[in-house]
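# need coordinates for the following:
(one chain, ligands or ions: 2)
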Amino acid sequence: MLEARNITVNYGTRKAVANVSLSTKSGEVIAIIGPNGAGKSTLLRALNGSVVPAGGEVLLDGNPLRGYARRVIARHIAVVAQEAELRFPVTVMEFVIGGRYAWSSAWGWESEQDVEVARAILRETELDEFAARLMNEMSGGERQRAVLARALATEAKVFLLDEPTANLDLAHQATMLRLVRSRCDDRKSAAVVVTHDINLAAEFADRVMLLKDGQMIATGASREVLTQELLRRVFDLQVLVDAHPVTGAPRITPVHGVVPSPSGRGLG
Ligand code: ADP
Ligand code: MG
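Residues are numbered from 1 along each chain as shown. Ligands and ions are numbered 1, 2, ... in the order given. Here you go, the predicted model:
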């Protein structure tokens, strides 16, 4: 599928991503966690070819990503960027059908099937009542759901999602991640999700990668990676890790203003 091999990305003299490797597997959701400026968005941009690494390479199905046409990449990789750009006043339905563009035979002519797919996805994302609404007349969270709906409409093999739940209410955070999760379970897609919600990541991701200052600090199952020591190292923050009472997934609670005890007892 999609693979980054030892990639380094620079903006001028600033190194944003340093020697990071990541390999998506069908059926797997990978969460990327790290502080602001850690290089998370840059890593996703490199994975979809919108920035070119200064070192290392990105491969799609074993071939260099830069050898693929934009339209072919769009068919394989669906992106939800951190800041969605909307230049034209389009309805939610038109916007979601736009996700089918990479598959359509001629520009601007969607098939009956494209419309069907879009309708189904609007239902799944609980947006059917908004179908005729203009994108710029939606709340931030509603619009974000539409952006994710459009990504789901592409039926891509790989989803790259940059903070897809950042503006969503509690229920919709779970609904949207469940949709991504089930897309990976049923259709054997893969997803890379950048999120600040560590608890949601613990629940939905098969694998977690911690990034700091452009470097990969750790990667593995959430139980191995979401530990007090690693999270303290990455966020300079004291956290308490216990088990979620229902799911058993690691549950992270930040503890503010507590000095770590040298004995390692208590919150150590
Ligand atoms: P994150 O998504 O983890 O918050 P980014 O990948 O957006 O981090 O940014 C990583 C680093 O690169 C930061 O230091 C940021 O300031 C810098 N950066 C991001 N985008 C650009 C850009 N277009 N030009 C120059 N520097 C950038
Ligand atoms: Mg970012």
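
# what is the neighbour count of the residue of the stretch 1-150 of the chain found nearest ligand 2?
With CB to the ion, the shortest gap between the stretch 1-150 of the chain and ligand 2 falls at Ser41, namely 3.2 Å. For the C-beta atoms, the positions are set from N, CA and C on the backbone; glycine is no exception. The burial count assigned to Ser41 is 20, neighbours taken as other CB atoms under 10 Å.

# what's the pLDDT at it?
If you check Ser41, the pLDDT there is 96.

# surely it is in contact with Glu83?
No - counting by CB atoms under 8 Å, Ser41 sits too far from Glu83 to count as a contact (9.4 Å).

# re earlier: so how far is the helix or strand containing the residue of the stretch 1-150 of the chain closest to ligand 2 from its chain's centroid?
Assigned by DSSP states H and E, Ser41 belongs to helix 40-47. The chain centre lies 10 Å from the centre of helix 40-47; the measure is CA atoms, centre = their mean, to the nearest Å.

# which stretches in the chain count as strands?
2-11, 14-23, 29-33, 55-60, 63-64, 77-80, 158-162, 190-194, 207-212, 215-220, 239-243, 250-254 (DSSP state E).

# skipping its backbone neighbours, what lies nearest Gly98 in space?
Arg150 (6.1 Å; CB to CB, 6 or more residues apart in numbering).

# now for that neighbour: which residues touch it?
Contact analysis of Arg150 by CB atoms under 8 Å, 6 or more residues apart in numbering lists Phe95, Val96, Gly98, Gly99.

# ok, of the residues you listed, which one's closest to Leu127?
Taking CB to CB as the measure, Leu127 lies nearest Val96 of those, at 7.9 Å.

# need the contact list for that closest one.
Ala118, Ile121, Leu122, Leu127, Ala146, Ala149, Arg150, Ala153.
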